[in-house]
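A.B. asks: quick one: sequence plus predicted model below, questions after.
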Amino acid sequence: MTTFLAFIQQIGGPVVAILLLFSVVATSFILLKFTQIVLQRPSQNASPAKLLAHLKQGEIKQIALLSQGQRNPRSQIISRSVALLENQALDIESAQSEIVRQARLVAEQYKSHLRPLEVIATVAPLLGLFGTVLGMIEAFKAMEMAGAQVDPAVLSGGIWQALLTTAVGLGVAIPVSLVHSALERQAELQTQALQDDIGQVFTFFAQQHGERKQKNQNCAS
């Protein structure tokens, strides 16, 4: 226990230890998020753009075939939307509600693991500043107790240790904030692309429905 406390004091105190723990947690979430992104990459033949191109050509079966086993959320939503609208198991409004529900789940999946990074990026500099304030209080308290016999070396050492917490807090917060902003922007772009995918699917089937309706009217006349 004594050795552990001495180690904590040696690295800058308990606040620095907490900040280092924050950095480990943030790194874990970043690696987890990048792993998720890599695993969800679609194959070249089953990318959302390829599936939508097959849709526009009316190759419905090809979409179902290519999307099998794909982990990419956008490819999955396109395939499910096409299957739901093609089979006409639900009326158009119910199908739209179900597709929107699934799209919301995917949008939440894009934003997963980002909240902890946001919290760490916000709390880390504040915690570092808090450690600096505590360190300065201890330094001036020691100076008061020493009275006229103040050792400048001891005082400067205490201030140095106090300021270290702010530096570590910023060192943790800055890269985490940058990575969080990049991942958050990526999630926004993917969500917008997902909405566009769904819109294209509905537009295609709406056009098909309109063409069939017009054909039936022509035959009836």
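C.D. replies: Perfect, thanks for sending it.
A.B. asks: can you give me the pLDDT of residue 3?
C.D. replies: You'll see residue 3 listed with a pLDDT of 67.
A.B. asks: oh, that last question was meant for residue 43, not what I typed.
C.D. replies: For residue 43, pLDDT reads 83.
A.B. asks: and the nearest residue to it once chain neighbours are set aside, which helix or strand is it part of?
C.D. replies: Nearest residue to residue 43, sequence neighbours excluded (CB to CB, 6 or more residues apart in numbering): residue 70, at 7.0 Å. Using the backbone N, CA and C atoms, a C-beta is placed for each residue, glycine as well. Counting by DSSP states H and E, no helix or strand carries residue 70.
A.B. asks: distance check, residue 70 against residue 125.
C.D. replies: In this view, residue 70 and residue 125 are 41 Å apart by CB to CB, to the nearest Å.
A.B. asks: show me how far the helix or strand containing residue 160 is from its chain's centre.
C.D. replies: Using DSSP H and E, residue 160 falls within helix 152-220. Helix 152-220 sits 7 Å away from the centroid of its parent chain (CA atoms, centre = their mean, to the nearest Å).
A.B. asks: quick one: mean pLDDT over that helix.
C.D. replies: So the average pLDDT for helix 152-220 ends up being 83.
A.B. asks: now for that helix, which elements pack on it?
C.D. replies: helix 14-39, helix 48-56, helix 73-87, helix 92-110, helix 114-146 (3 or more CB pairs under 8 Å, 6 or more residues apart in numbering; DSSP states H and E).
A.B. asks: list the buried residues in the first one.
C.D. replies: In this case it means helix 14-39. For helix 14-39, the neighbour count (16 or more other CB atoms under 10 Å) marks 15-19, 22-23, 25-26, 29-30, 33 as buried.
A.B. asks: what's the angle between it and helix 114-146?
C.D. replies: 170 degrees (axes from the mean of the first three to the mean of the last three CA atoms, to 10 degrees).
A.B. asks: number of residues surrounding the residue nearest to residue 18 when sequence neighbours are not counted?
C.D. replies: The shortest distance from residue 18 to any non-neighbouring residue, by CB to CB, 6+ apart, is to residue 127 (6.5 Å). Other residues within reach of residue 127, judged by other CB atoms under 10 Å, total 22.
A.B. asks: roughly how far does residue 127 sit from residue 72?
C.D. replies: 38 Å.
A.B. asks: also residue 168?
C.D. replies: For residue 168, the distance to residue 72 - CB to CB - is 39 Å.
A.B. asks: before we move on, what about residue 123?
C.D. replies: 34 Å.
A.B. asks: so who does residue 104 touch?
C.D. replies: Residue 104 makes contact with no residue, according to CB atoms under 8 Å, 6 or more residues apart in numbering.
A.B. asks: just to revisit the earlier point, the helix holding residue 160 versus helix 114-146: what angle between them?
C.D. replies: Using the same axes, to 10 degrees: helix 152-220 against helix 114-146 is 170 degrees.
A.B. asks: now the angle between helix 92-110 and helix 152-220, please.
C.D. replies: 160 degrees.
A.B. asks: that older thread, so who does the residue nearest to residue 18 touch?
C.D. replies: So residue 127 contacts 15, 18-19, 22, 165, 169 (CB under 8 Å, 6+ apart).
A.B. asks: residue 47 and residue 37, how far apart?
C.D. replies: Residue 47 is 15 Å from residue 37, by CB to CB.
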